[in-house]
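1. Give me a model of this one.
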Amino acid sequence: MEPGSMEPGSMGPGSMEPGSMEPGSMKPGSMEPGSMEPGSMEPGSMEPGSMEPGSMEPGSMEPGSMEPGSMEPGSMEPGSMEPGSMEPGSMEPGSMEPGSMERTTSMEPGSMEPGSMEPGSMEPGSMEPGSMEPGSVEPTSEQPDSGMEPGSVEPTSMEPLETTRVVESASGVEPARGVEPASVDSLKVLYQSCDYIIVDKHWDIRIDSKMWYEKHTVQKQLGLRFPELADPGTYYGFRFCHQLDYSTSGVLCVALNKAAAGRVYHCFKDRRATKVYLALVRSWVEEEEMTVDFSIGQNTTEGRTHMMCIQGTDGCEKPKPCRTQLTVLEYGAYDGDPVTKVLLQPLTGRTHQLRVHCEAVGHPIVGDYTYSLGEDSAPYRMMLHAHLLHLPLEPLPLQAVAPDPFTTPTDPRWRPQHCLRTVEGAVETLLERRAAEERTEQEEKKRQQEERRKQQEERRRRGREESAEQRRTCQQWLSEWTDV
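-> A predicted model of the protein is given here:
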């Protein structure tokens with residue numbers, strides 16, 4: 001059939017039976033545009049390439065009438081397809097040339113599978129900001145130099161990622177940040193040198209353990225972060241200079257060699273180290289400042305051998321003098337119950353000293369499951385935190401501070417109501433007082449040294465006088481003996 005031998009409309013719909021024309025029997029260009037009505041040809045009856053570009057009018061094909069791959073790239077002019085005329089998945093990846101789609105909403109959401117478009121197939125600015133729903137693009141789907149101009153994605157199109165924990169409180173459900181459980185790679189380093197590493201210990205994690213089932217310990221965290229600093233000559237690989245309870249968070253000092261560990265040991269032994277804790281305690285403490293002075297011993301009562309107790313308690317053995325300085329910071333409420341935020345300074349060092357002393361004065365620490373005998377179990381942790389450690393080392397002192405975790409942004413259950421003094425102000429006052437005490441101690445030490453020096457000088461002077469007297473006596477005796 002020669003081109004143009006059939007007039008448009010000379011063959012009515014259905015006048016030609018399906019299959020009456022073999023594929024390939026028509027040459028390209030043998031049919032004029034518009035000579036065939038929509039729906040008169042079955043899908044698949046035309047071979048790819050049998051139609052010239054532009055030979056089909058827009059809208060003349062019904063959706064789904066073409067099989068995937070039946071059209072060669074570039075055979076369709078931009079704008080020739082109506083929105084929604086293509087079924088999802090009907091186009092193979094890479095079959096569209098860059099720029100072949102106009103900047104319109106001709107594709108319905110979800111009509112293209114992830115990865116079906118090659119990088120660079122969209123011209124810069126071809127997509128309006130906000131036209132894509134959040135989450136419709138995978139995080140790794142965009143490659144560098146992909147043709148997307150900076151700023152073409154609005155900042156609000158992707159929500160920030162944030163680790164939150166939903167906390168049920170008296171005032172409703174609120175997000176709490178920073179209360180996620182410990183993991184082996186969640187080590188927070190506050191200070192590091194060739195001699196020391198100071199970390200912010202997580203709550204509810206042991207420092208070290210010989211038990212195989214203890215998956216998370218500070219020892220394992222250090223081994224994972226600093227494997228080259230582990231000392232094979234020690235049992236745990238690292239020298240922990242002091243202890244923190246399993247439930248207590250905060251500053252923890254680790255020595256990296258034996259000499260460094262010895263210097264810190266003498267600071268604690270001579271009680272020259274300064275440790276400052278923050279805590280939330282039950283009910284409101286009336287006295288703004290107090291010194292708790294109760295001797296503490298081992299509890300030998302059955303079922304409580306892992307606990308300590310104050311002197312005079314049944315089953316208390318080997319009590320030792322203990323003193324704790326308590327300073328009130330804020331009054332408020334925790335989950336609707338009255339609590340007080342306090343600063344605690346242990347003036348002595350004894351196992352569970354702060355927990356036992358707070359319990360003894362009628363203000364147990366919030367969340368202390370052990371000393372509440374299992375009753376105070378609602379809080380997510382025990383509210384005791386080692387905030388500051390000051391070591392008067394030579395030639396320079398060492399000081400580290402772990403951030404205050406007892407704030408409303410961290411835990412919305414804590415609602416401060418009346419502030420007497422800030423943490424920073426209380427710590428500054430304490431350090432100034434401690435510095436004054438150290439100066440007094442140094443002056444007293446110098447006075448004692450000077451007194452000892454004078455005594456030694458006096459003894460040497462007396463010794464010299466006695467020696468001179470002895471020599472005179474001896475000479476006199478010798479002279480008398482020779483005269484005889």
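
2. for the stretch 101-250 of the chain, which spans come out with low pLDDT?
-> For the stretch 101-250 of the chain, residues meeting the criterion pLDDT under 70 lie at 101-179.

3. residues in contact with stretch 181-190?
-> By Cβ atoms under 8 Å, 6 or more residues apart in numbering, the list of residues contacting stretch 181-190 from outside reads 180, 197-200, 202-205, 215-216, 218, 220-222, 224-225, 251, 400-402. C-betas here are computed from N, CA, C, even on glycine.

4. What residues of it count as buried?
-> 182, 187, 190 (16 or more other Cβ atoms under 10 Å).

5. now do stretch 255-265
-> 255, 256, 260, 261, 263, 264.

6. Pick the one among those closest to residue 473.
-> In terms of Cβ to Cβ, no member of the buried residues of stretch 255-265 lies closer to residue 473 than residue 263, at 53.0 Å.

7. list the contacts for that closest one?
-> 393, 394.

8. That one sits in which helix or strand?
-> Take DSSP states H and E as the rule and residue 263 turns out to sit in helix 258-269.

9. Which of the buried residues of stretch 181-190 fall within strands?
-> Counting by DSSP state E, the part of those found in strands is residue 190.

10. possible to save the buried residues of stretch 181-190 as TSV with distance to residue 382?
-> Shown next, in TSV, are the buried residues of stretch 181-190 (distance: Cβ to Cβ, whole Å):
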residue	distance to residue 382
182	14
187	20
190	21
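
11. Just the buried ones among the contacts of stretch 181-190, please.
-> Buried members of these, counted by 16+ other Cβ under 10 Å: 197-200, 202-203, 205, 216, 218, 220-222, 251, 400-402.

12. Quick check: the farthest pair among the residues you listed?
-> The widest separation within these (Cβ to Cβ) is 24.8 Å, between 220 and 401.

13. ok, back up a step: looking at the contacts of stretch 181-190, which are in strands?
-> 197, 198, 199, 200, 251, 400, 401.

14. how about the strands of the stretch 201-350 of the chain, start to end?
-> Along the stretch 201-350 of the chain, counting by DSSP state E, counting those that start in this stretch, strands occupy 239-240, 249-255, 274-282, 289-293, 296-299, 308-310, 316-320, 323-334, 337-346.

15. Relative to residue 387, which of those strands is closest?
-> Per Cβ to Cβ, nearest to residue 387 of the strands of the stretch 201-350 of the chain: strand 274-282, 4.8 Å.

16. residues making contact with the closest one?
-> Residues contacting strand 274-282 (Cβ under 8 Å, 6+ apart): 250-251, 329, 334, 337-346, 354, 358, 363-367, 376, 383-390, 404-406, 414, 423, 427, 430-431, 434.

17. Using PDB, list the CA coordinates for it.
-> Extracted in PDB, the C-alpha atoms of strand 274-282 (Å, rounded to 0.1, in the frame of the first residue of the first chain):
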ATOM      1  CA  THR A 274      37.100  17.200  95.400                       C
ATOM      2  CA  LYS A 275      34.000  15.400  94.100                       C
ATOM      3  CA  VAL A 276      30.700  17.100  93.500                       C
ATOM      4  CA  TYR A 277      27.500  15.300  92.900                       C
ATOM      5  CA  LEU A 278      24.000  16.400  91.800                       C
ATOM      6  CA  ALA A 279      20.900  14.600  92.900                       C
ATOM      7  CA  LEU A 280      17.100  14.800  93.100                       C
ATOM      8  CA  VAL A 281      15.800  13.800  96.500                       C
ATOM      9  CA  ARG A 282      12.300  13.100  97.700                       C
END
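
18. what is residue 324 paired to in the beta sheet?
-> Beta bridges link residue 324 to residue 292, residue 346, judged by DSSP bridges.

19. For it, give me its contacts.
-> Shown in contact with residue 324 (Cβ under 8 Å, 6+ apart): 291, 292, 344, 345, 346, 347, 348, 353, 354, 357.

20. Show the average pLDDT along the helix holding residue 263.
-> If you average the pLDDT over helix 258-269, you get 95.

21. and the angle from it to strand 274-282?
-> If you take axes from the mean of the first three to the mean of the last three Cα atoms, to 10 degrees, helix 258-269 sits at 60 degrees to strand 274-282.

22. pull the longest helix from this protein.
-> Using DSSP state H to define each element, the chain has its longest helix at helix 423-483.

23. give me phi/psi at the residue nearest to residue 237 when sequence neighbours are not counted?
-> The shortest distance from residue 237 to any non-neighbouring residue, by Cβ to Cβ, 6 or more residues apart in numbering, is to residue 230 (3.8 Å). As for residue 230, its main-chain torsions (degrees, to the nearest 10) stand at phi -70, psi 140.

24. give the contact list for residue 230.
-> Neighbouring residues of residue 230 by Cβ under 8 Å, 6+ apart: 222, 223, 237, 238.

25. how close does it sit to residue 254?
-> Relative to residue 254, residue 230 is positioned 11 Å away (Cβ to Cβ, to the nearest Å).

26. Noted, bye for now.
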